[in-house]
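In: Predicted structure and sequence below. I'll ask about it afterward.
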Amino acid sequence: MSTALAPPRPPAGGARATYRRRLLVLAGLFAALAVAVMLSVSIGAKPVPLPEVWQAITAPTGTENDIIVRSLRIPRTAIGVLAGIALGVAGALMQGHTRNPLADPGLLGVTQGAAFAMVLSIMVIGVTSLYGYIWFGLAGALIASVGVFALGMVGGRGGGPTPVTLALAGTAVSAFLYALTSSMVLMDEQAMDVFRFWQAGSIAARGGDVVWQVLPFIGAGLLLALINAPGLNTLSLGEDVARALGQNVNVTRAVGVAAVTLLSGASVAACGALSFIGLMVPHLIRPFSGPDHRWLLPYSGLMGACALLLADVVGRVVARPGELEVGVVLALLGAPFFIALVRRRKPVRL
């Protein structure tokens, strides 16, 4: 999936050294992701040595380890990679468009929109399967984001949304949908059980079907992010400067919101409310990428996948033979780390 966010062609002159350094960082992130993937498929309640993992992939014989690797670990790792890439890229886009260092994909109402639609599908239609209500979650995320974008256009310059109006509209819509969702789950025990598990955030028990369900949406979101990166670089200079340079600010903002909606909506519908990734990853990687979103986006995607897989591995190890949900681990590790980062160093200016 990261090929859709390939870095630009190497520049000429003295900038080639910077380009080579950024390529080395990109290669290092790919290597880190490979290590995270290996840990994810080999570590769990029943550890599987890497040679047996390779045998299960290339020449399965139907052993218990083969079943664990092929039926459980590989789909779980795949959805973790996709969700991590999607949330990392979405977080970088959201912070760039709102120019808010505390922005994350949930600011557009994606999380609460997905939750509301999933709970509604359980109560009204009687959907009970993950493979059924994931589509309702994705639709709810898309509708909520469109609603936030429409509200954000009110009062915007030239009829377009501004970072402030987007943030205010997202906060208002999220609070409204959360209130509706909370009132519904109090009246339905089954909806409460599903919502409680979904709210914690997890990539466990996600089969290959879920991977194929969200893959087209994440792929489309990454393509839009690639298209949006140059315009976002111009927009970071200020809206007036961007317009003077011939940039259509409203179109750039709309493409960015569409990318964030597809990326975060698909991952949230499949995995639940995964905190920390979209908020923290861009801050961690921006010192290496600089303000250029053509580099920041692929860096954030790879870093997000690494962080999500490693948090999932930690959740399996610390609670054996059970496990902690990855959303819980991300919250436990991410919150104090973010506080320490803010206290010890100034966040890179957006």
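Out: Yep, it's here. Residues are numbered from 1 along each chain as shown.

In: Need the CA coordinates for stretch 44-63. CSV is fine.
Out: Output of stretch 44-63 as CSV, limited to C-alpha atoms (Å, rounded to 0.1, in the frame of the first residue of the first chain):
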residue,chain,number,x,y,z
GLY,A,44,1.2,-14.9,20.9
ALA,A,45,-0.5,-17.2,23.4
LYS,A,46,1.3,-20.0,21.5
PRO,A,47,4.7,-18.8,20.2
VAL,A,48,5.5,-20.1,16.7
PRO,A,49,9.3,-20.0,15.7
LEU,A,50,10.0,-18.1,12.5
PRO,A,51,11.2,-21.2,10.6
GLU,A,52,7.8,-22.8,11.3
VAL,A,53,6.1,-19.6,10.3
TRP,A,54,7.9,-19.7,6.9
GLN,A,55,6.9,-23.3,6.5
ALA,A,56,3.3,-22.5,7.3
ILE,A,57,3.3,-19.9,4.6
THR,A,58,5.2,-21.7,1.9
ALA,A,59,4.5,-25.4,2.5
PRO,A,60,1.6,-25.9,5.0
THR,A,61,1.0,-29.5,6.2
GLY,A,62,-2.1,-28.9,8.3
THR,A,63,-0.4,-28.8,11.7
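
In: Give me the pLDDT value at Thr128.
Out: If you check Thr128, the pLDDT there is 73.

In: Could you report the neighbour count for it?
Out: 11 (other CB atoms under 10 Å). Placement of C-beta: from N, CA and C, glycine included.

In: ok, now Glu189?
Out: Close neighbours of Glu189, defined as other CB under 10 Å, add up to 9.

In: what's the spacing between it and Ser145?
Out: As judged by CB to CB, to the nearest Å, Glu189 and Ser145 stand 30 Å apart.

In: And the helices in the stretch 51-200 of the chain, which stretches?
Out: For the stretch 51-200 of the chain, the helices defined by DSSP state H, counting those that start in this stretch occupy 64-67, 74-98, 110-120, 130-152, 163-185, 189-200.

In: For the ones you listed, give me a markdown table that also has distance to Leu284.
Out: Output for the helices of the stretch 51-200 of the chain, formatted as a markdown table (distance: least, CB to CB, whole Å):
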| stretch | distance to Leu284 |
| --- | --- |
| helix 64-67 | 35 |
| helix 74-98 | 10 |
| helix 110-120 | 21 |
| helix 130-152 | 25 |
| helix 163-185 | 22 |
| helix 189-200 | 23 |
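
In: Can you say which of those is nearest to Asp292?
Out: Closest of those to Asp292 is helix 74-98, at 10.8 Å (criterion: CB to CB).

In: What is that closest one packed up against?
Out: In terms of contacts (3 or more CB pairs under 8 Å, 6 or more residues apart in numbering; DSSP states H and E), helix 74-98 is packed against helix 15-42, helix 163-185, helix 208-235, helix 249-271, helix 277-289, helix 293-318.

In: Pipe the ones you listed into a markdown table and attach mean neighbour count per row.
Out: Converted to a markdown table, the helices and strands packed on helix 74-98 look like this (neighbours: other CB atoms under 10 Å):
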| stretch | mean neighbour count |
| --- | --- |
| helix 15-42 | 15 |
| helix 163-185 | 18 |
| helix 208-235 | 20 |
| helix 249-271 | 26 |
| helix 277-289 | 23 |
| helix 293-318 | 26 |
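
In: want to throw these into TSV with mean pLDDT and distance to Pro101?
Out: As requested, these are exported to TSV (pLDDT from 0 to 100; distance: least, CB to CB, whole Å):
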stretch	mean pLDDT	distance to Pro101
helix 15-42	92	21
helix 163-185	87	12
helix 208-235	92	15
helix 249-271	88	16
helix 277-289	90	7
helix 293-318	94	13
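
In: Relative to Trp198, which of those helices is closest?
Out: Trp198 lies closest, by CB to CB, to one member of the helices and strands packed on helix 74-98: helix 249-271, at 8.6 Å.

In: tell me the angle of the closest one relative to helix 189-200?
Out: 120 degrees (axes from the mean of the first three to the mean of the last three CA atoms, to 10 degrees).

In: Return the list of helices and strands in contact with helix 249-271.
Out: Using 3+ CB pairs under 8 Å, 6+ apart: helix 249-271 touches helix 74-98, helix 110-120, helix 130-152, helix 208-235, helix 239-244.

In: which non-adjacent residue is nearest Val318?
Out: Nearest residue to Val318, sequence neighbours excluded (CB to CB, 6 or more residues apart in numbering): Leu324, at 6.4 Å.

In: Tell me if I'm right that the one you found and Asp312 touch.
Out: No. Assessed by CB atoms under 8 Å, Leu324 is found out of contact with Asp312, at 9.3 Å.

In: before we move on, the earlier item: go through the helices of the stretch 51-200 of the chain and name the closest to Leu302.
Out: When these are compared for distance to Leu302 using CB to CB, the nearest one is helix 74-98, at 7.1 Å.
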